[in-house]
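> Quick one: sequence and predicted model below, then my questions.
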Protein chains: 2
Amino acid sequence: MNTKDLAYFNQLIQVKNFSKVAQEFGVTQPTITMAIKRLEAEFQTKLVLRDRIHNELVVTPSGEQLAIHAQNILRELALTQQEITHLTQDRTVLGLPPIIENYYFPRVAAHLQAQGMLANLQTLEGGSVWLRNALRDGRADLALLGSTAPLSYKTLVAEEFDRQPFNVFVAATHPLAKRKRIYFSELKGEKFVLFNSSFVHNTAFNTLTRRNHFRPEVVFRANDTHVIMNLVAANVGVTFLTDIVDQHRQDVVRLELLDDEQPEFISSIVTRTSHVLTPTQKQVLAVLRATLGDD
Amino acid sequence: MNTKDLAYFNQLIQVKNFSKVAQEFGVTQPTITMAIKRLEAEFQTKLVLRDRIHNELVVTPSGEQLAIHAQNILRELALTQQEITHLTQDRTVLGLPPIIENYYFPRVAAHLQAQGMLANLQTLEGGSVWLRNALRDGRADLALLGSTAPLSYKTLVAEEFDRQPFNVFVAATHPLAKRKRIYFSELKGEKFVLFNSSFVHNTAFNTLTRRNHFRPEVVFRANDTHVIMNLVAANVGVTFLTDIVDQHRQDVVRLELLDDEQPEFISSIVTRTSHVLTPTQKQVLAVLRATLGDD
DNA sequence: TGACTATTATAAATTATTTTTATAATAACT
DNA sequence: AGTTATTATAAAAATAATTTATAATAGTCA
């Protein structure tokens, strides 16, 4: 079976017009007719029907079924091409969410530079969820990801290297500032300044507010921890962050949480199950493990 | 790209001999040579190397990479064929682990029979783990599966319909028989008669023994709950089962567990994410939901 | 109604691809 | 050196895919 036929079919399912598909692929219309016929013969089933009454193409259940698998196969082929290109050109793309890039990466970068590996290394920035998908479809080869629960996917292998509790930060002048430890429920009624760009922080925060049955009043959301800390220092509100973004300021106090079963910021080195690592990628991985592992 | 080339390549990786692969596929040897050349041209990389010194075929990293994806693609194609066959022939294969078949299925069967659907329905028996794989590769279309944690896989959709706590069963003459509820830790030192064929029961049991730091003395394992119950009645040992396998006997007493965070026997209706259901399969699913859902 | 349009199907010719046949090349083994 | 096992190469043959040209079907509109 030719995968080209699957590509034709996949496109036909989308645009529901043989002639348009032919145009898009730069072939003539009978090519598409024949391709579909071949697939119908191969799977011994009708794939599309012509609804003359409403003048449109109807996809049979078998067609729907094939469409799903055709997509999977085409995705798999594209990924293969991506991976082999990275493999032969010795390209290494490391996915880094901003928080992890700020806190963990400088340490790693020094070691990588020392071994002359920073040159071949390309970084790809984005949120943890976005990067997970980038890793899945081959745009990245390795990634450091944050999560609240241990990552577990069939297509990805995650290796946890750090766990950080979430903390509450309040202005030094805030009534709670004298405390070292508080329960999250004590924040009921507080105003919050939150981190916008981190899916992980927000997930953890939402878990805690839901568990403690309150609707938080979020007065501002920022993408920069410095901005957040400045607002907290000015008593605009309190915030909820991990210690790894703390700048140890005089005017802001860190409070630990006393709650049982707190969410944690879990950092993991993640790779694709199906990916064969280049020597460089293996080295990068080794450096990541050595640098981040014994924390 | 022709998937036949992937099949040739996949086989070549296994047997590492062009001539043998040709034989197995009933083609001549240059066919294989050419197929590999086509793939190497397509992906612009060497896939295999000839190690003249050790006289064997070496697979390059790119080759390893392609091999992984070739397998995935071939599996996907086989699954497609399976699913379309079931779809066009209106075949429905329902996977049932023995415990679930005994307890839940009789109720369902009555309803299915009433609607004349029992004829087209084929059942496939096997352990929960084995059935999960059968479902994945298309040997089954639907399955009822037991598990200790909610099932969550990318390729499968699980719909929980029941949760049962595990219980301990002891002979009526056993010292613990007067109790209604016990802690699992109180079973330290007991002899156990266990269920052999259930992965789920064993997982749950192991979790509890590990958590309570003891090595259970298992004196017998059986595949039939009646055998187990007879042994328990005869005070050969105590057992650990869900209530759904209980036959409400006079000579055996059921004890509930008082432990926090007990494992549970979770029963789910499971289907494949990629699977398009036939009308019959939809009906079967509806009956399953209606019969099992409002418990 | 009949000309016109948009769409898909069919058949023969053409082109491209795959497989075979025949044979060469390489290197290990005796 | 001859033999064997293995893969590569080249030309011929066989298959398969695509195009060209045209038919078929049904809807649209004057």
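That came through fine. Numbering: from 1, shown residues only, chains lettered A, B, ... in the order given.
> quick one: secondary structure of A:R215?
On the three-state scheme (DSSP: H, G, I helix; E, B strand; the rest coil), A:R215 is labelled coil.
> Grab the nearest non-local neighbour of it.
Among residues not flanking A:R215 along the chain, A:T209 sits closest, at 7.0 Å (Cβ to Cβ, 6 or more residues apart in numbering or on different chains). Quick note: C-beta positions are derived from backbone N, CA and C, even for glycine.
> what about that neighbour, helix or strand, and which?
Using DSSP states H and E, A:T209 falls within helix A:199-211.
> ok so, going back, what distance do you get for the residue nearest to A:R215 to DNA strand C?
Applying Cβ to the nearest atom of the strand, to the nearest Å, the value for A:T209 to DNA strand C is 53 Å.
> again, but for A:L79
In terms of Cβ to the nearest atom of the strand, A:L79 sits 21 Å off from DNA strand C.
> Please identify which helix or strand holds that residue.
Assessed by DSSP H and E, A:L79 sits inside helix A:61-88.
> Which strands or helices does that helix pack on?
Packing contacts for helix A:61-88, counted by 3 or more Cβ pairs under 8 Å, 6 or more residues apart in numbering or on different chains; DSSP states H and E, involve helix A:3-15, helix A:29-43, helix B:61-88.
> could you point out where chain A is predicted with low confidence?
Within chain A, the stretches with pLDDT under 70 are A:52-55, A:244-247, A:294-295.
> which residue packs closest to the residue nearest the centre of it, ignoring adjacent ones?
Nearest residue to the geometric centre of chain A (Cα atoms, centre = their mean): A:V129, 2.5 Å. Excluding the flanking residues, the one nearest A:V129 by Cβ to Cβ, 6+ apart is A:F199, at 5.2 Å.
> Might one say that that neighbour is in contact with A:G126?
No - with contact defined as Cβ atoms under 8 Å, A:F199 does not count as touching A:G126 (10.5 Å).
> close to chain B, is the strand or helix carrying A:V287?
Counting by DSSP H and E, the element that carries A:V287 is helix A:279-293. No - judged by Cβ under 8 Å from any Cβ of the partner chain, helix A:279-293 and chain B are separated, with a smallest distance of 8.7 Å.
> Any buried residues in that helix, and which?
When neighbours are counted by 16 or more other Cβ atoms under 10 Å in any protein chain shown, the buried residues of helix A:279-293 are found to be A:280-281, A:283-285, A:287-288, A:291-292.
> All the strands of the stretch 101-250 of chain A, residue numbers only.
With DSSP state E, counting those that start in this stretch as the criterion, the stretch 101-250 of chain A has strands at A:121-125, A:142-147, A:156-171, A:181-182, A:191-195, A:217-222, A:239-242.
> For the residue nearest to A:R215, the count of nearby residues, please.
For A:T209, the count of nearby residues is 18 (other Cβ atoms under 10 Å in any protein chain shown).
> likewise the one 4 residues further on?
Under the neighbour criterion other Cβ under 10 Å, A:H213 is assigned a count of 8.
> So what's the residue count around the closest residue to A:F18 other than its chain neighbours?
Excluding the flanking residues, the one nearest A:F18 by Cβ to Cβ, 6+ apart is A:I32, at 4.7 Å. Counted with other Cβ under 10 Å, residues neighbouring A:I32 total 24.
> For A:I32, list the residues it contacts.
Shown in contact with A:I32 (Cβ atoms under 8 Å, 6 or more residues apart in numbering or on different chains): A:8, A:12, A:18-19, A:21-22, A:25.
> restrict those to those near DNA strand C?
Among these, the ones lying near DNA strand C by Cβ under 7 Å from any atom of the strand are A:18-19.
> how about the contacts of A:I32 in JSON lines, adding neighbour count?
Shown next, in JSON lines, are the contacts of A:I32 (neighbours: other Cβ atoms under 10 Å in any protein chain shown):
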{"residue": "A:Y8", "neighbour count": "26"}
{"residue": "A:L12", "neighbour count": "24"}
{"residue": "A:F18", "neighbour count": "19"}
{"residue": "A:S19", "neighbour count": "12"}
{"residue": "A:V21", "neighbour count": "24"}
{"residue": "A:A22", "neighbour count": "20"}
{"residue": "A:F25", "neighbour count": "15"}
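> out of the contacts of A:I32, who's nearest B:G63?
Of all those, A:Y8 has the smallest distance to B:G63: 28.6 Å, by Cβ to Cβ.
> Next up, the contacts around the closest residue to the closest one other than its chain neighbours.
The shortest distance from A:Y8 to any non-neighbouring residue, by Cβ to Cβ, 6+ apart, is to A:A35 (4.4 Å). Neighbour list for A:A35: A:4-5, A:8-9 [criterion: Cβ under 8 Å, 6+ apart].
> Go again with 7 Å.
A:A35 makes contacts with A:5, A:8-9, as judged by Cβ atoms under 7 Å, 6 or more residues apart in numbering or on different chains.
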